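Undergrad: 3D, please:
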Amino acid sequence: MARTIDYGNLMHRAMRGLIFDVLTDVAENGLPGAHHFFITFDTTHPDAELADWLKDRYPSEMTVVMQHWFDDLQISESGFAVTLNFGDAPERMFIPFDAIQTFVDPSVEFGLRFETQDYDDDEEEDDEDDLGMGDDDPTPPEPPRPLRDRSKKDQPADSQERPTGEAEVVRLDKFRK
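TA: All right, here's what the predicted structure looks like:
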């Protein structure tokens, strides 16, 4: 099979690196200004760790908010652990970077969306896929799409709403001050 460049996976890896860098900075220095995050993740990911009652309540995906109260944010190469408050009940959870579906900072209208992916326990096959090799399907994965601003004060944190429409190009100049 001919070697190809898997731009979709490369983009996903770069975007997860961006999330890693942002969360590392927040763990070291706290959230600056009005920044806060809505992070939607797949609760069925094999490495996701959360309380059984949360898995029961959110059997497929969950959106967490990191804003006013979160504690003990710890970042690793594979994901992050954080304690969040659920109705005065602190719960520790681990969210793998691979499980993240959306990452939004509505304070600056920034968002990332990851296309759905299957989780495979065969790491050797995953390593080949990361290089764009070892896949008999010639169809490349869909590249990640930026999100439109979905922040609404009255929108519940566990909303199942998904943005619709085509992908839009986001110019970085828009975010410079």
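
Undergrad: which helix of the protein spans the most residues?
TA: Looking across the chain with DSSP state H, the single longest helix is helix 7-29.

Undergrad: now the helix or strand just after it against helix 7-29, angle please.
TA: Downstream of helix 7-29, the next assigned helix or strand under DSSP states H and E is strand 37-42. Orientation check (axes from the mean of the first three to the mean of the last three CA atoms, to 10 degrees): strand 37-42 against helix 7-29 gives 130 degrees.

Undergrad: how about the helices in the protein?
TA: Using DSSP H, helices in the chain cover 7-29, 52-57, 123-130.

Undergrad: most tightly surrounded among the ones you listed?
TA: Of all those, helix 7-29 carries the top mean neighbour count, a mean of 15, counting by mean count of other CB atoms under 10 Å. To be clear about C-beta, it is placed using only N, CA and C from the backbone, and glycine gets the same treatment.

Undergrad: and that helix, what does it pack onto?
TA: Applying 3 or more CB pairs under 8 Å, 6 or more residues apart in numbering; DSSP states H and E, we find helix 7-29 packed against strand 70-75, strand 100-105, strand 110-113, helix 123-130.

Undergrad: partners of the second one in the sheet?
TA: For strand 100-105, the paired strands and their directions (DSSP bridges) are strand 37-42 (antiparallel), strand 110-113 (antiparallel).

Undergrad: other residues contacting the first one?
TA: Read it as strand 37-42. With contacts defined as CB atoms under 8 Å, 6 or more residues apart in numbering, strand 37-42 is touched by 48, 60-67, 95-96, 99-106, 150-151, 157.

Undergrad: show me which helix or strand of this protein is least confident by mean pLDDT.
TA: Scoring the helices and strands of the chain by mean pLDDT, DSSP states H and E places helix 123-130 at the bottom, with a mean of 41.

Undergrad: report the buried members of the contacts of strand 37-42.
TA: 48, 61-64, 66, 95-96, 99-106, 150 (16 or more other CB atoms under 10 Å).

Undergrad: good, we can wrap up now.
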